[in-house]
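Chemist: sequence and predicted model, in that order:
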Amino acid sequence: MQQQLTQFTSFFNAEELYRHVQKKNPNIGIATVYRFLKTREDQGELHSFICNRKTIYSTNKNNHCHFVCEKCGIVQHIPAKNLDFLSKSIAGEVCHVQIDVTGVCKDCLGGKRD
C-alpha cells in the first residue's frame, strides 16, 4: 500500500487509495486502508483535512494553505511563507499549520467549469 501511496502527487481520499490498491490486492478491505492512513498521519508522513464533508489526504508536509472552490470542489495548495508570526503569538510549540481558504476558482468565475 505504501507504494501506491507514493503514486499520489496531489490530494486523494481513502476511497481513491482503496480502488488503486485493490487493483493489485483485491482482498484488501477499506478498513485496512483507513488504518494505514491513520498510522501514516500519526507518523507525520501525510496530513488530512476536511473538504466538502470528506477527509482528504496529502503528502505535502510543509506548512501551507488550501484553497477550496465552493462550486467545483477543486483543492489547490498555496505555499504559506512567513508564518513565523504564529509561533511568536502562541504560548507553546507550533508543530503544524493548516489554513483552509474557500471561494470560487477562476475557472468557475469565468464559466469554464459547471
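Modeler: Now that the structure is in, tell me what you want to look at.
Chemist: in this protein, which spans are helices?
Modeler: Ranges of helices in the chain, per DSSP state H, are 2-6, 14-22, 30-42, 84-89, 106-109.
Chemist: of these, which shows the lowest average pLDDT?
Modeler: Out of the helices of the chain, helix 84-89 stands lowest, with a mean of 74 (criterion: mean pLDDT).
Chemist: can I get that helix as CSV, trimmed to CA atoms?
Modeler: Taking C-alpha atoms only, helix 84-89 is exported to CSV below (Å, rounded to 0.1, in the frame of the first residue of the first chain):
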residue,chain,number,x,y,z
ASP,A,84,6.7,32.6,12.0
PHE,A,85,4.3,35.2,13.5
LEU,A,86,2.1,32.4,14.6
SER,A,87,4.7,30.7,16.7
LYS,A,88,5.5,34.1,18.3
SER,A,89,1.9,34.7,19.3
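Chemist: what does that helix contact?
Modeler: Residues outside helix 84-89 that contact it (CB atoms under 8 Å, 6 or more residues apart in numbering): Glu93, Val94, Val97. To be clear about C-beta, it is placed using only N, CA and C from the backbone, and glycine gets the same treatment.
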